[in-house]
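K.L.:
Can you look at this prediction? I've put the sequence above it.
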Amino acid sequence: MGIVIREALAKDAGQLIRHLKEIGGESDNLSFGEGEFSVTPEQEEMFLENLHNDKTSIFLVACKDGEIVGNGSLSGMPRRMSHRAELSIAVRKHYWGQGIGSMLMKELIQYAKENGIEIINLDVRKDNEQAIRLYEKFGFRHIGTSPAYFKIKEEYIDFAVMYLDLR
């Protein structure tokens, strides 16, 4: 398949912004849609540098032939929640169903285990069955519902709240 999973670095900011803008228009599964991702290269560089320096956070990219086709992140939480992290994954629509999400999940969970993260949380559209199957495959459990999490146009969309206990 030729997919390489690696940490995103500040030098990747421009390509990562292009990737995020593209995937924003491919589905309604993300917190931003087409034309809604507005971050400057400088802001993205600073964001990536901050994550790189935080041992409970990481931003990974999945690359094919040097092009970013997916991304995943763990965002560590502060203070009394420092044993927890939020997870997110996004893959270009053209590459759905090819195992890239699983590759990212393996790397993120391994990173969590190696860096003292005991619990991983995530929120996912309740109707995103493909993503939910992926999370369940890696041991995530449903712990609730967040009603009306998204509002797209005039439609409210509920989200499943899931978590993985690594203790």
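P.N.:
Thanks, I have it.

K.L.:
Tell me where this protein has strands.
P.N.:
Secondary structure of the chain by DSSP state E: the strands cover 3-7, 58-64, 67-76, 84-91, 119-125, 141-152, 155-165.

K.L.:
which helix of the protein spans the most residues?
P.N.:
Scanning the chain for the longest helix, with DSSP state H as the assignment, gives helix 100-114.

K.L.:
one step back: with mean pLDDT and mean neighbour count added, can I get the strands of the chain in JSON lines?
P.N.:
All C-beta atoms are positioned from the backbone trio N, CA, C, and that covers glycine. Below are the strands of the chain laid out as JSON lines (pLDDT from 0 to 100; neighbours: other C-beta atoms under 10 Å):
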{"stretch": "strand 3-7", "mean pLDDT": "97", "mean neighbour count": "14"}
{"stretch": "strand 58-64", "mean pLDDT": "97", "mean neighbour count": "21"}
{"stretch": "strand 67-76", "mean pLDDT": "96", "mean neighbour count": "20"}
{"stretch": "strand 84-91", "mean pLDDT": "97", "mean neighbour count": "21"}
{"stretch": "strand 119-125", "mean pLDDT": "97", "mean neighbour count": "19"}
{"stretch": "strand 141-152", "mean pLDDT": "96", "mean neighbour count": "12"}
{"stretch": "strand 155-165", "mean pLDDT": "97", "mean neighbour count": "16"}
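
K.L.:
Now distance to residue 45 too, for those, in TSV please.
P.N.:
Below are these laid out as TSV (distance: least, C-beta to C-beta, whole Å):
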stretch	distance to residue 45
strand 3-7	14
strand 58-64	12
strand 67-76	15
strand 84-91	19
strand 119-125	26
strand 141-152	29
strand 155-165	30
